[in-house]
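Asker: quick check, what structure comes out for this input:
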Amino acid sequence: MDQNIQRLDFKSVSNQEDAASFNQEVFEAIDLDGAVIVEHALDATIMDEIVAEMRPYIDTTPHGLHGLENSRRVGALVARSPSSHHAIAHLTVLDVCQKVLGDQARQGNEVQLIQSPKGKGQYPWRLGLTQVIDVGPGQPRQPVHRGNGLWVHNLAGHRLDPQIETMWALTDFTEENGATHVVIGSHKWQDVISPQESQTMTWYQKSDFQTVQATMPKGSVLIWTGWTVHGAGANKSESRRVGMNIDYSLSFLSQEENQFLSCPPKLARTLSKKMQRLIGYSQPAGALNYFADCLPPKYSLNEDYDVLVPGAHGMKSAQDLSHE
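Answerer: Numbering: from 1, shown residues only. All right, here's what the predicted structure looks like:
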(Lines give C-alpha, C1' and ligand atoms only; values in the text may rest on other atoms or scores of the structure.)
Protein backbone atom coordinates (compact mmCIF):
# COMPACT_ATOMS: atom_id res chain seq x y z
CA MET A 1 0.00 0.00 0.00
CA ASP A 2 1.34 3.43 -0.94
CA GLN A 3 2.11 5.78 1.91
CA ASN A 4 1.77 9.53 1.89
CA ILE A 5 3.42 12.26 3.91
CA GLN A 6 1.10 13.61 6.57
CA ARG A 7 0.01 17.21 5.98
CA LEU A 8 -1.00 19.70 8.64
CA ASP A 9 -2.22 23.20 7.80
CA PHE A 10 -0.76 26.00 9.91
CA LYS A 11 -3.76 28.16 9.06
CA SER A 12 -5.66 26.19 11.71
CA VAL A 13 -3.54 27.81 14.45
CA SER A 14 -5.22 30.89 15.89
CA ASN A 15 -4.05 31.00 19.54
CA GLN A 16 -1.51 29.52 21.94
CA GLU A 17 -3.73 26.57 22.82
CA ASP A 18 -4.11 25.73 19.13
CA ALA A 19 -0.36 26.09 18.67
CA ALA A 20 0.48 23.64 21.45
CA SER A 21 -1.93 21.06 20.07
CA PHE A 22 -0.74 21.66 16.50
CA ASN A 23 2.92 21.35 17.43
CA GLN A 24 2.22 18.07 19.21
CA GLU A 25 0.56 16.73 16.07
CA VAL A 26 3.60 17.75 14.04
CA PHE A 27 5.90 15.92 16.44
CA GLU A 28 3.73 12.79 16.44
CA ALA A 29 3.74 12.70 12.64
CA ILE A 30 7.54 12.93 12.61
CA ASP A 31 7.82 10.27 15.31
CA LEU A 32 5.58 7.94 13.28
CA ASP A 33 6.69 8.60 9.69
CA GLY A 34 10.00 10.45 9.92
CA ALA A 35 8.66 13.49 8.04
CA VAL A 36 5.70 15.86 7.91
CA ILE A 37 4.56 18.78 5.75
CA VAL A 38 3.33 21.93 7.47
CA GLU A 39 1.38 23.77 4.82
CA HIS A 40 1.09 27.59 4.81
CA ALA A 41 3.58 27.87 7.70
CA LEU A 42 4.46 31.38 6.49
CA ASP A 43 2.81 33.80 4.11
CA ALA A 44 3.94 33.45 0.50
CA THR A 45 5.01 37.11 0.48
CA ILE A 46 7.73 36.32 3.03
CA MET A 47 9.04 33.65 0.67
CA ASP A 48 9.22 36.26 -2.09
CA GLU A 49 11.09 38.61 0.24
CA ILE A 50 13.66 35.92 1.03
CA VAL A 51 14.23 35.24 -2.66
CA ALA A 52 14.56 38.98 -3.37
CA GLU A 53 17.09 39.44 -0.56
CA MET A 54 19.09 36.42 -1.73
CA ARG A 55 18.79 37.11 -5.48
CA PRO A 56 22.16 38.95 -5.84
CA TYR A 57 23.93 36.03 -4.15
CA ILE A 58 22.01 33.38 -6.09
CA ASP A 59 22.73 35.02 -9.44
CA THR A 60 26.47 35.27 -8.74
CA THR A 61 26.90 31.71 -7.41
CA PRO A 62 28.11 29.11 -9.92
CA HIS A 63 26.14 25.98 -10.72
CA GLY A 64 27.53 22.58 -9.88
CA LEU A 65 28.34 22.75 -6.19
CA HIS A 66 27.84 19.39 -4.45
CA GLY A 67 27.93 17.74 -7.87
CA LEU A 68 24.49 19.04 -8.85
CA GLU A 69 25.29 20.55 -12.23
CA ASN A 70 22.07 22.53 -12.76
CA SER A 71 21.71 23.76 -9.19
CA ARG A 72 23.03 26.62 -7.11
CA ARG A 73 23.47 26.47 -3.33
CA VAL A 74 23.79 29.71 -1.39
CA GLY A 75 24.25 30.04 2.38
CA ALA A 76 24.77 32.62 5.15
CA LEU A 77 21.05 33.41 5.28
CA VAL A 78 21.10 34.76 8.84
CA ALA A 79 23.39 37.60 7.71
CA ARG A 80 22.10 38.05 4.18
CA SER A 81 18.32 37.67 4.52
CA PRO A 82 16.51 39.22 7.49
CA SER A 83 13.24 37.79 6.17
CA SER A 84 14.65 34.27 6.52
CA HIS A 85 14.59 34.73 10.30
CA HIS A 86 10.83 34.16 10.21
CA ALA A 87 11.50 30.62 8.98
CA ILE A 88 14.65 29.94 11.00
CA ALA A 89 12.90 30.87 14.26
CA HIS A 90 9.43 29.56 13.34
CA LEU A 91 7.79 28.50 16.60
CA THR A 92 6.54 25.15 15.30
CA VAL A 93 9.96 24.23 13.94
CA LEU A 94 11.67 25.26 17.18
CA ASP A 95 9.14 23.26 19.18
CA VAL A 96 9.90 20.18 17.07
CA CYS A 97 13.62 20.74 17.64
CA GLN A 98 13.11 20.96 21.39
CA LYS A 99 11.12 17.73 21.45
CA VAL A 100 13.27 15.71 19.02
CA LEU A 101 16.71 17.14 19.84
CA GLY A 102 16.47 18.65 23.30
CA ASP A 103 14.18 16.08 24.90
CA GLN A 104 15.02 13.17 22.56
CA ALA A 105 11.30 12.41 22.80
CA ARG A 106 11.06 10.00 19.87
CA GLN A 107 10.21 6.45 20.86
CA GLY A 108 13.35 4.52 21.79
CA ASN A 109 15.55 7.58 22.24
CA GLU A 110 16.92 8.90 25.50
CA VAL A 111 18.88 11.85 26.85
CA GLN A 112 22.11 10.61 28.44
CA LEU A 113 23.71 13.37 30.48
CA ILE A 114 26.87 12.60 32.42
CA GLN A 115 25.77 15.07 35.11
CA SER A 116 22.67 12.98 35.88
CA PRO A 117 22.87 9.27 36.81
CA LYS A 118 19.24 8.80 35.79
CA GLY A 119 19.81 10.37 32.39
CA LYS A 120 17.24 13.10 32.91
CA GLY A 121 17.54 16.52 31.35
CA GLN A 122 17.81 18.11 27.95
CA TYR A 123 20.43 18.39 25.26
CA PRO A 124 21.41 21.84 23.95
CA TRP A 125 20.92 22.37 20.21
CA ARG A 126 21.46 25.15 17.71
CA LEU A 127 21.22 26.15 14.06
CA GLY A 128 23.37 23.95 11.83
CA LEU A 129 22.74 24.99 8.22
CA THR A 130 21.08 27.74 6.20
CA GLN A 131 20.97 27.38 2.44
CA VAL A 132 18.91 28.42 -0.55
CA ILE A 133 18.82 25.62 -3.13
CA ASP A 134 17.97 26.90 -6.60
CA VAL A 135 17.32 23.95 -8.94
CA GLY A 136 17.23 24.53 -12.68
CA PRO A 137 15.45 22.63 -15.47
CA GLY A 138 17.15 19.40 -16.41
CA GLN A 139 18.62 18.71 -12.97
CA PRO A 140 18.60 14.89 -12.50
CA ARG A 141 17.18 13.32 -9.38
CA GLN A 142 19.52 13.36 -6.40
CA PRO A 143 20.47 9.97 -4.91
CA VAL A 144 18.66 9.27 -1.64
CA HIS A 145 20.67 9.73 1.52
CA ARG A 146 20.59 10.39 5.25
CA GLY A 147 21.71 13.77 6.58
CA ASN A 148 23.33 12.36 9.70
CA GLY A 149 26.23 10.98 7.68
CA LEU A 150 27.93 14.38 7.68
CA TRP A 151 29.59 13.72 11.07
CA VAL A 152 31.41 10.63 9.73
CA HIS A 153 30.93 8.76 13.02
CA ASN A 154 28.33 5.96 13.01
CA LEU A 155 25.67 7.41 15.29
CA ALA A 156 23.01 4.82 14.43
CA GLY A 157 23.50 2.72 17.56
CA HIS A 158 23.19 5.55 20.07
CA ARG A 159 19.39 5.90 20.34
CA LEU A 160 19.94 9.52 19.43
CA ASP A 161 18.52 12.13 17.06
CA PRO A 162 21.36 14.53 16.29
CA GLN A 163 19.58 16.60 13.63
CA ILE A 164 16.28 18.01 12.40
CA GLU A 165 16.17 19.11 8.76
CA THR A 166 13.68 21.35 7.00
CA MET A 167 12.96 22.39 3.43
CA TRP A 168 10.92 25.53 2.90
CA ALA A 169 9.11 26.00 -0.40
CA LEU A 170 10.20 29.41 -1.68
CA THR A 171 8.33 28.47 -4.86
CA ASP A 172 5.68 25.81 -5.28
CA PHE A 173 7.08 22.26 -5.03
CA THR A 174 5.51 19.93 -7.62
CA GLU A 175 6.23 16.46 -8.94
CA GLU A 176 7.27 17.98 -12.27
CA ASN A 177 9.79 20.45 -10.84
CA GLY A 178 11.33 17.87 -8.51
CA ALA A 179 9.75 18.05 -5.06
CA THR A 180 11.82 16.26 -2.41
CA HIS A 181 11.54 12.46 -2.30
CA VAL A 182 11.08 10.91 1.16
CA VAL A 183 11.18 7.26 2.28
CA ILE A 184 8.41 7.09 4.88
CA GLY A 185 9.42 5.23 8.04
CA SER A 186 13.12 5.05 7.13
CA HIS A 187 14.05 6.93 10.33
CA LYS A 188 13.26 3.70 12.20
CA TRP A 189 15.45 1.45 10.08
CA GLN A 190 18.41 0.01 11.96
CA ASP A 191 20.51 0.45 8.88
CA VAL A 192 20.09 0.91 5.15
CA ILE A 193 23.52 -0.34 4.14
CA SER A 194 25.54 -3.55 4.35
CA PRO A 195 29.11 -3.46 5.73
CA GLN A 196 30.39 -3.77 2.15
CA GLU A 197 28.22 -0.95 0.86
CA SER A 198 29.17 1.28 3.79
CA GLN A 199 32.73 1.33 2.48
CA THR A 200 31.77 2.32 -1.05
CA MET A 201 28.56 4.31 -0.38
CA THR A 202 26.98 2.40 -3.28
CA TRP A 203 23.66 2.32 -1.46
CA TYR A 204 23.18 5.94 -2.59
CA GLN A 205 22.70 4.61 -6.11
CA LYS A 206 19.98 2.14 -5.19
CA SER A 207 16.73 2.66 -7.05
CA ASP A 208 14.45 0.26 -5.16
CA PHE A 209 13.53 2.60 -2.31
CA GLN A 210 9.81 3.38 -2.33
CA THR A 211 9.57 7.16 -2.06
CA VAL A 212 6.83 9.77 -1.95
CA GLN A 213 7.29 13.36 -3.07
CA ALA A 214 6.74 16.32 -0.79
CA THR A 215 4.63 18.46 -3.09
CA MET A 216 3.59 21.64 -1.29
CA PRO A 217 2.59 25.24 -1.97
CA LYS A 218 4.93 28.18 -1.51
CA GLY A 219 5.23 29.07 2.18
CA SER A 220 5.05 25.46 3.37
CA VAL A 221 7.81 23.46 5.05
CA LEU A 222 8.84 19.82 5.00
CA ILE A 223 10.32 18.71 8.34
CA TRP A 224 12.22 15.44 8.78
CA THR A 225 14.79 13.78 11.02
CA GLY A 226 18.42 13.32 10.06
CA TRP A 227 17.76 9.57 9.91
CA THR A 228 15.03 9.88 7.28
CA VAL A 229 16.14 8.78 3.81
CA HIS A 230 15.41 11.51 1.27
CA GLY A 231 16.66 13.21 -1.88
CA ALA A 232 15.77 16.01 -4.29
CA GLY A 233 13.64 15.12 -7.28
CA ALA A 234 14.44 15.68 -10.94
CA ASN A 235 13.35 19.03 -12.34
CA LYS A 236 11.46 18.14 -15.52
CA SER A 237 9.78 21.53 -15.78
CA GLU A 238 10.84 24.67 -17.64
CA SER A 239 11.18 26.77 -14.49
CA ARG A 240 13.51 26.84 -11.51
CA ARG A 241 12.49 25.30 -8.19
CA VAL A 242 13.73 27.31 -5.22
CA GLY A 243 13.80 25.93 -1.69
CA MET A 244 15.41 26.88 1.59
CA ASN A 245 17.16 24.16 3.59
CA ILE A 246 17.37 25.05 7.30
CA ASP A 247 18.82 22.42 9.65
CA TYR A 248 19.32 22.24 13.43
CA SER A 249 21.71 19.97 15.33
CA LEU A 250 22.94 19.13 18.81
CA SER A 251 25.32 21.76 20.16
CA PHE A 252 28.12 19.32 20.91
CA LEU A 253 28.38 18.44 17.20
CA SER A 254 30.01 20.66 14.61
CA GLN A 255 27.65 22.81 12.56
CA GLU A 256 27.44 21.82 8.90
CA GLU A 257 27.61 25.51 7.98
CA ASN A 258 30.00 27.45 10.21
CA GLN A 259 27.65 30.10 11.56
CA PHE A 260 30.47 32.08 13.21
CA LEU A 261 32.03 32.71 9.79
CA SER A 262 28.69 33.05 8.00
CA CYS A 263 27.54 35.62 10.56
CA PRO A 264 30.60 37.03 12.40
CA PRO A 265 30.31 39.19 15.53
CA LYS A 266 30.07 42.53 13.69
CA LEU A 267 26.88 41.24 12.03
CA ALA A 268 25.62 39.01 14.83
CA ARG A 269 25.57 41.89 17.32
CA THR A 270 22.71 43.43 15.31
CA LEU A 271 20.52 40.34 15.73
CA SER A 272 17.94 39.56 18.38
CA LYS A 273 19.24 37.64 21.41
CA LYS A 274 17.09 34.71 20.31
CA MET A 275 18.79 34.57 16.93
CA GLN A 276 22.22 35.03 18.51
CA ARG A 277 21.59 31.99 20.71
CA LEU A 278 20.28 29.97 17.77
CA ILE A 279 23.39 30.43 15.66
CA GLY A 280 25.67 29.57 18.58
CA TYR A 281 26.67 32.75 20.41
CA SER A 282 25.99 31.04 23.72
CA GLN A 283 27.63 28.65 26.14
CA PRO A 284 25.11 25.80 26.34
CA ALA A 285 26.82 23.63 28.95
CA GLY A 286 29.87 23.73 31.20
CA ALA A 287 32.97 24.80 29.31
CA LEU A 288 31.41 24.05 25.93
CA ASN A 289 31.93 26.81 23.33
CA TYR A 290 33.94 29.31 25.36
CA PHE A 291 36.64 31.43 23.72
CA ALA A 292 39.84 33.25 24.72
CA ASP A 293 40.01 33.78 28.52
CA CYS A 294 37.17 31.35 29.33
CA LEU A 295 34.66 33.90 28.03
CA PRO A 296 31.15 33.10 26.84
CA PRO A 297 30.74 33.77 23.10
CA LYS A 298 28.42 36.74 23.66
CA TYR A 299 31.47 38.78 24.79
CA SER A 300 32.60 38.79 21.16
CA LEU A 301 29.39 40.67 20.29
CA ASN A 302 30.54 43.72 22.24
CA GLU A 303 31.83 46.18 19.64
CA ASP A 304 34.45 47.42 22.16
CA TYR A 305 35.91 43.97 22.80
CA ASP A 306 39.25 43.23 21.17
CA VAL A 307 40.82 39.83 21.73
CA LEU A 308 44.29 41.40 21.25
CA VAL A 309 43.83 43.90 24.09
CA PRO A 310 45.12 42.52 27.41
CA GLY A 311 42.44 42.68 30.11
CA ALA A 312 39.67 43.40 27.63
CA HIS A 313 37.45 40.91 29.44
CA GLY A 314 37.47 43.23 32.46
CA MET A 315 35.89 46.13 30.58
CA LYS A 316 32.66 47.42 32.10
CA SER A 317 30.69 46.84 28.92
CA ALA A 318 31.86 43.25 28.79
CA GLN A 319 30.88 42.77 32.42
CA ASP A 320 27.45 44.12 31.65
CA LEU A 321 27.08 41.56 28.90
CA SER A 322 27.62 38.73 31.39
CA HIS A 323 24.50 39.79 33.32
CA GLU A 324 22.12 39.98 30.36
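Asker: what ranges does the stretch 101-250 of the chain have for its helices?
Answerer: Per DSSP state H, counting those that start in this stretch, the stretch 101-250 of the chain carries helices over the ranges 195-200.
Asker: could you point out the longest helix in the chain?
Answerer: helix 16-33 (DSSP state H).
Asker: return the helix or strand in the chain with minimum mean pLDDT.
Answerer: When the helices and strands of the chain are scored by mean pLDDT, DSSP states H and E, helix 316-322 comes last with a mean of 44.
Asker: look up how far Thr211 lies from Ile5.
Answerer: 10 Å (Cβ to Cβ, to the nearest Å). For every residue, glycine as well, the C-beta is placed using N, CA and C.
Asker: hey, what's in contact with both of these two?
Answerer: Val182 (Cβ atoms under 8 Å, 6 or more residues apart in numbering).
Asker: spatially nearest residue to the residue most central in space within the chain, not counting backbone neighbours?
Answerer: For the chain, the residue nearest the mean C-alpha position is Asp247 (0.8 Å; Cα atoms, centre = their mean). Once flanking residues are discounted, Asp247 sits nearest to Leu129: 4.0 Å by Cβ to Cβ, 6 or more residues apart in numbering.
Asker: surely the one you found meets Gln255?
Answerer: Yes: between Leu129 and Gln255 a contact is recorded at 7.1 Å, counting by Cβ atoms under 8 Å.
Asker: so what's Val221 bridging to?
Answerer: On the basis of DSSP bridges, Val221 is bridged to Val38, Trp168.
Asker: separation between it and Thr166?
Answerer: Going from Val221 to Thr166 by Cβ to Cβ gives 5 Å.
Asker: name the residues contacting each of these two.
Answerer: 87, 93.
Asker: quick one: which of these two has more around it?
Answerer: Remark: of Val221 and Thr166, Val221 carries more neighbours, 26 against 23, as counted by other Cβ atoms under 10 Å.
Asker: next one: that one from Ile164, what distance?
Answerer: Distance, Val221 to Ile164, using Cβ to Cβ: 11 Å.
Asker: next, show the common contact partners of those two.
Answerer: With Cβ under 8 Å, 6+ apart as the test, Val221 and Ile164 both reach Val93.
Asker: next, the nearest residue to Cys294 once chain neighbours are set aside: phi, psi?
Answerer: What sits nearest to Cys294 in space, not counting adjacent residues and going by Cβ to Cβ, 6+ apart, is Ala287, at 7.4 Å. Main-chain torsions, Ala287, degrees, to the nearest 10: phi -90, psi 0.
Asker: and the pLDDT for Ala287?
Answerer: As predicted, Ala287 sits at a pLDDT of 82.
Asker: check Ser84 too.
Answerer: Note on Ser84: pLDDT of 98.
Asker: next one: Val38
Answerer: At Val38, pLDDT is 98.
Asker: quick one: it from Asn23, how far?
Answerer: Taken as Cβ to Cβ, the span from Val38 to Asn23 is 10 Å.
Asker: mutual contacts of those two, please.
Answerer: Overlap of the contact sets of Val38 and Asn23 (by Cβ under 8 Å, 6+ apart) consists of Thr92.
Asker: tell me which of these two has more neighbours.
Answerer: Higher neighbour count among Val38 and Asn23: Val38, with 29 against 21, using other Cβ under 10 Å.
Asker: shaky segments in the protein?
Answerer: Within the chain, the segments meeting pLDDT under 70 span 1-2, 66-67, 115-120, 191-208, 313-324.
Asker: which residues of it fall in strands?
Answerer: The residue ranges that make up the strands of the chain, judged by DSSP state E, are 7-9, 35-39, 71-75, 125-135, 163-169, 181-182, 212-213, 221-225, 230-231, 241-250.
Asker: nearest to Val100 among the ones you listed would be which one?
Answerer: Nearest of the strands of the chain to Val100, taken as Cβ to Cβ: strand 163-169 at 5.5 Å.
Asker: can you point out the buried residues in that closest one?
Answerer: Buried positions in strand 163-169, judged by neighbour count with 16 or more other Cβ atoms under 10 Å: 163-169.
Asker: kindly reformat the residues you listed as JSON lines containing distance to Ala268.
Answerer: Compiled in JSON lines, those are given as follows (distance: Cβ to Cβ, whole Å):
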{"residue": "Gln163", "distance to Ala268": "22"}
{"residue": "Ile164", "distance to Ala268": "22"}
{"residue": "Glu165", "distance to Ala268": "23"}
{"residue": "Thr166", "distance to Ala268": "22"}
{"residue": "Met167", "distance to Ala268": "25"}
{"residue": "Trp168", "distance to Ala268": "22"}
{"residue": "Ala169", "distance to Ala268": "28"}
